[in-house]
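Asker: Pasting the sequence and the predicted model now:
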Amino acid sequence: MKVGVLTGGGDAPGLNGVVRAVVKVAATRGVEIVGVEDGFRGLVEPNRWRRLTPSDVSGILREGGTILGTTNHANPLSYPSDRGGVADHSSVCVDRYRELGLDGLIAIGGDGTLTIAHALWRKGLNIVGIPKTIDNDVAGTAVSLGFDTAVNVATEAVDRLHTTAESHHRIMVLEVMGRYTGWIALHAGIAGGADVILIPEIPFDLACIAARILERERLGARFSIVVAAEGATPRGGERAILEAGSAAALERLGGIGGRVAAGLEQATGREARSVLLGHVQRGAAPSAFDRLLATQFGARAMELVLSGQFGTMVTFNGEDLGVVALDTVVGRTSTVPEDSDGLRAARAIGVSFGD
Ligand code: F6P
């Protein structure tokens, strides 16, 4: 038996742990593993794969990134051509899969990768998906791989900003990733003890934030910490976009932190600074939790392949692993629910969401 494994979309800490688990399980079951390079680009273009043996994955559990490489610019369904524009290359992927003699393919990725995986499964490929994204926005699973590490990195950043904010009596705004969801901002904001958390799910009003900051000052706190998700949006206003999307690539978000800091400086008359945490959140060694999740996801995905349960994705509900059909995952986004325990606890202790 021969099984492929690929990592697609933005990298996330823990990817290597999955690859390692897949290869190690395969070695005990006499299965050959083919590592497909740079996500689905490795199925579109020739000779972008290599055999993986246990010695290839030795020592990678604690490494961030992905030994297979990845990209978020190689969607076979709208593949960029040299002459500009895009074309559907999914049949090339199907042919490559057959040419490589694969019996199954494990695709580790976020909503983009899983949508491609789903389309290729419908074209006859034996695919099992694994949810990874620091954004934690994949539907059907409570937790995606990489989220925990990103939250830890962002929390440490909030801790570091606290000391300088206190010393200078400033407002410090930390912008974190998360695309159209506020999971990282909410979790790191709570864990770091932020005073204000801005998430895309709750449009904010700058005047409300300013009022909260001045109220804190009246109570004796001469600094404030704001954590803003990159997708946070002012009520009735626009999202901050760094680069518009195209048929081949998603839009790039960024800049809301700077806008909020400037607005707060004007509204409060206090000094404000903004910090954009950016890809630092994706670059760390995976946390213990993500190493454990990676190992469990990889082992379970191999079980699904070996038992022929394709068109599926492994999940984790916070307690147990599970399996869902890819059909139920694509086209949906897991956002922060209004009644989530985290949100309610934050509100209960007085955190402002700018609403
Ligand atoms: O989806 C993961 C993510 O890190 C988002 O949080 C962020 O908006 C995006 O990817 C950044 O993408 P890129 O690596 O293309 O800058």
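Answerer: Perfect, thanks for sending it.

Asker: what are the ranges of the helices in this protein?
Answerer: 15-28, 41-44, 90-99, 111-122, 147-168, 183-192, 206-218, 256-268, 288-306, 341-348 (DSSP state H).

Asker: Make JSON lines from those helices and add mean pLDDT to it.
Answerer: Putting the helices of the chain into JSON lines (pLDDT from 0 to 100) gives the following:
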{"stretch": "helix 15-28", "mean pLDDT": "98"}
{"stretch": "helix 41-44", "mean pLDDT": "98"}
{"stretch": "helix 90-99", "mean pLDDT": "98"}
{"stretch": "helix 111-122", "mean pLDDT": "98"}
{"stretch": "helix 147-168", "mean pLDDT": "98"}
{"stretch": "helix 183-192", "mean pLDDT": "98"}
{"stretch": "helix 206-218", "mean pLDDT": "97"}
{"stretch": "helix 256-268", "mean pLDDT": "98"}
{"stretch": "helix 288-306", "mean pLDDT": "98"}
{"stretch": "helix 341-348", "mean pLDDT": "98"}
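
Asker: Let me see the confidence value for the residue nearest to Ala249 when sequence neighbours are not counted.
Answerer: Nearest residue to Ala249, sequence neighbours excluded (Cβ to Cβ, 6 or more residues apart in numbering): His73, at 5.3 Å. The way it works is simple: take the backbone N, C-alpha and C, and place the C-beta from them, glycine included. Per-residue confidence (pLDDT) for His73: 91.

Asker: same thing with Ala248?
Answerer: In this model, Ala248 carries a pLDDT of 86.

Asker: What is the burial count for it?
Answerer: Neighbourhood size, Ala248 [other Cβ atoms under 10 Å]: 16.

Asker: show me the contacts for it.
Answerer: Contact analysis of Ala248 by Cβ atoms under 8 Å, 6 or more residues apart in numbering lists His73, Asn75, Ser78, Tyr79, Pro80, Val86.

Asker: who in the stretch 1-150 of the chain is up against the ligand?
Answerer: Residues of the stretch 1-150 of the chain lying close to the ligand by Cβ under 6 Å from any ligand atom are Gly10, Asn72, Gly110, Thr133, Ile134, Asp135.

Asker: Which one (most neighbours) among the residues you listed?
Answerer: Using other Cβ under 10 Å as the neighbour criterion, Ile134 leads these with 32 neighbours.

Asker: The nearest residue to it once chain neighbours are set aside: neighbour count?
Answerer: Spatial nearest neighbour of Ile134, chain neighbours left out: Ala150 (3.7 Å); criterion: Cβ to Cβ, 6+ apart. Ala150 has 31 neighbouring residues, counting by other Cβ under 10 Å.

Asker: In the stretch 1-150 of the chain, which residue sits nearest the ligand?
Answerer: Closest to the ligand within the stretch 1-150 of the chain is Gly10: 3.7 Å, counting by Cβ to the nearest ligand atom.

Asker: wait, that residue sits on Gly110?
Answerer: Yes. At 7.0 Å, Gly10 and Gly110 qualify as touching, with contact defined as Cβ atoms under 8 Å.

Asker: how much space between the residue of the chain found nearest the ligand and Val138?
Answerer: The nearest approach of the chain to the ligand comes at Met177, 3.1 Å away (Cβ to the nearest ligand atom). To Val138, Met177 is 15 Å away according to Cβ to Cβ, to the nearest Å.

Asker: Can you tell me which residues in the stretch 151-300 of the chain are near the ligand?
Answerer: Met177, Gly178, Arg179, Glu230, Arg252, Leu253, Arg282.

Asker: Most neighbours of all these, which one?
Answerer: When neighbours are counted by other Cβ under 10 Å, Gly178 leads these with 31 neighbours.

Asker: re earlier: looking at the residues of the stretch 151-300 of the chain next to the ligand, which one is closest to Met313?
Answerer: Nearest to Met313 out of those is Arg179 (Cβ to Cβ; 18.7 Å).

Asker: What does the pLDDT read for that closest one?
Answerer: We have a pLDDT of 98 for Arg179.

Asker: Buried residues of stretch 42-57, list them for me.
Answerer: The neighbour-count criterion (16 or more other Cβ atoms under 10 Å) identifies Gly42, Leu43, Val44, Glu45, Arg48, Trp49, Leu52, Val57 as the buried residues of stretch 42-57.

Asker: Lovely, talk soon.
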